[in-house]
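**Q** How does the following fold in three dimensions:
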Amino acid sequence: MTFSLEDLKSKVNSHNQVVRIVVVAQKGSTPRNIGTSMLVWKHGQAGTIGGGALEYDAVRAAQNQITNNIPTRLVHQALGPNLGQCCGGHVSLLSELFDSRSLPHLVNNFFARSTLGTNTKMPAAVTKYISVTQNSMKKLQPALIENWMIESTQQPAQLIWVWGAGHVGRALVNSLEPLPGIEITWVDTETSRFPQNTSSSITMLPQQNPASLCAHVPLNAQHFILTYSHKIDLDICDGLLKRGFAYAGLIGSATKWSRFHKRLIAIGHKPKNITRINCPIGDPTLGKNPAHIAVGITRDFLERSMANDSTFDE
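**A** Residues are numbered from 1 along each chain as shown. Model prediction:
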């Protein structure tokens, strides 16, 4: 999760005033992790902070922020009692209004500012956090420190979306997560389907209708589709073909793919576009154990990354 000044500039150029909503703190079960953001303008929005009542209220408040020219808004929200969401956690949202005159000036690949909207001096704790991270050569993780929000502006080399948190999905995430230069978004239908000890660097995104997220995924993302439902798999394939992608792989047999191919043609997709989806993924010679499948998928991912002059030579 990184701050993209180019995306913000593009939306400001198109819509004049844009509110960026970013998750700056979380406690307990919440839809998205710290650093997740979305953009809102007068008649539209892009991205998602998890959907549901939380996002609905945040977007409505952002529209009001534009109307009344409110520079900064920080809200602490209890999801359960206040919004009726089943997550039950607490989340803090920072909403900042930008126009062509207020676009941030970024220094040293990070974006740090006070959430209180004041021009106070950067606290020593924030300076230390940035310095320690840079000296360790690790990617700066978004954090809220002494009312200051810090975000990295360095874009990851690879954006990966894993659809499904079953046995294969868990094995694949465990295999991919240690690799440098990647950012993983993990999707499934319920929070309970994700393991409890997942790394904070992974964005877990519960969505009752996973395919609805396809309209918002980055165009340069790579997708691995391995849900528990053939219908969900098919809907995701349909959504990604409509949206666009850098790579998409689907778990399944040759028979499953033959049926999917026919159904996707019936929906209206062109055969040459459908063949961009790779199925089956993995290496059948390694076996059908989830760990074996994950190794095969990861190996293929690494081979493609190296062929595209990726940064996996660290």
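**Q** Look up phi and psi at Val22.
**A** Dihedral angles of Val22 (phi, psi; degrees, to the nearest 10) stand at phi -130, psi 140.
**Q** Tell me how many other residues surround Lys288.
**A** Using other Cβ atoms under 10 Å, the number of residues around Lys288 comes to 9. For glycine as for every other residue, the C-beta is placed from the backbone atoms N, C-alpha and C.
**Q** From here on, call the first residue 348.
**A** Sounds good: first residue 348 from here, last item Lys635.
**Q** Can you tell me the SS state at it?
**A** When classified by DSSP: H, G, I helix; E, B strand; the rest coil, Lys635 comes out as coil.
**Q** quick one: it from Gly513, how far?
**A** 14 Å (Cβ to Cβ, to the nearest Å).
**Q** Which residue would you name as the spatial centre of the chain?
**A** Central residue of the chain (Cα atoms, centre = their mean): Thr532, 4.8 Å from the mean position.
**Q** now the strand or helix carrying it: mean pLDDT?
**A** For Thr532, the element it lies in under DSSP states H and E is strand 529-535. The predicted model assigns strand 529-535 a mean pLDDT of 92.
**Q** Show me the shaky parts of this protein.
**A** In the predicted model, the chain carries pLDDT under 70 at residues 348, 376, 378, 427-435, 484-485, 502-504, 655-661.
**Q** Would you map the helices across it?
**A** Ranges of helices in the chain, per DSSP state H, are 352-362, 399-414, 426-430, 471-482, 514-523, 577-590, 601-614, 618-621, 637-654.
**Q** Which of those helices has the highest mean neighbour count?
**A** helix 514-523 (a mean of 22; mean count of other Cβ atoms under 10 Å).
**Q** For that helix, enumerate the helices and strands it packs against.
**A** Applying 3 or more Cβ pairs under 8 Å, 6 or more residues apart in numbering; DSSP states H and E, one finds that helix 514-523 makes contact with strand 505-510, strand 529-535, helix 637-654.
**Q** Strand partners (parallel or antiparallel) of the second one?
**A** Spelled out, it's strand 529-535. Strand pairing for strand 529-535, determined by DSSP bridges: strand 505-510 (parallel), strand 550-553 (parallel).
**Q** Buried residues, that strand. List them.
**A** 529-535 (16 or more other Cβ atoms under 10 Å).
**Q** Save those as a markdown table, and put in distance to Lys475 too.
**A** Output for those, formatted as a markdown table (distance: Cβ to Cβ, whole Å):
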| residue | distance to Lys475 |
| --- | --- |
| Ile529 | 27 |
| Glu530 | 25 |
| Ile531 | 28 |
| Thr532 | 30 |
| Trp533 | 31 |
| Val534 | 35 |
| Asp535 | 37 |
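**Q** measure stretch 571-584 end to end?
**A** Using Cα to Cα, to the nearest Å, the span of stretch 571-584 from its first residue to its last is 10 Å.
**Q** Could you list the residues in contact with that stretch?
**A** 507-511, 513, 515-516, 519, 535-536, 556-558, 561, 570, 595-599, 603, 607, 610-611, 624, 628, 644 (Cβ atoms under 8 Å, 6 or more residues apart in numbering).
**Q** try it again with 7 Å
**A** Residues from elsewhere that reach stretch 571-584, judged by Cβ atoms under 7 Å, 6 or more residues apart in numbering: 509-511, 513, 515-516, 519, 557-558, 561, 595-598, 603, 607, 610-611, 624, 628, 644.
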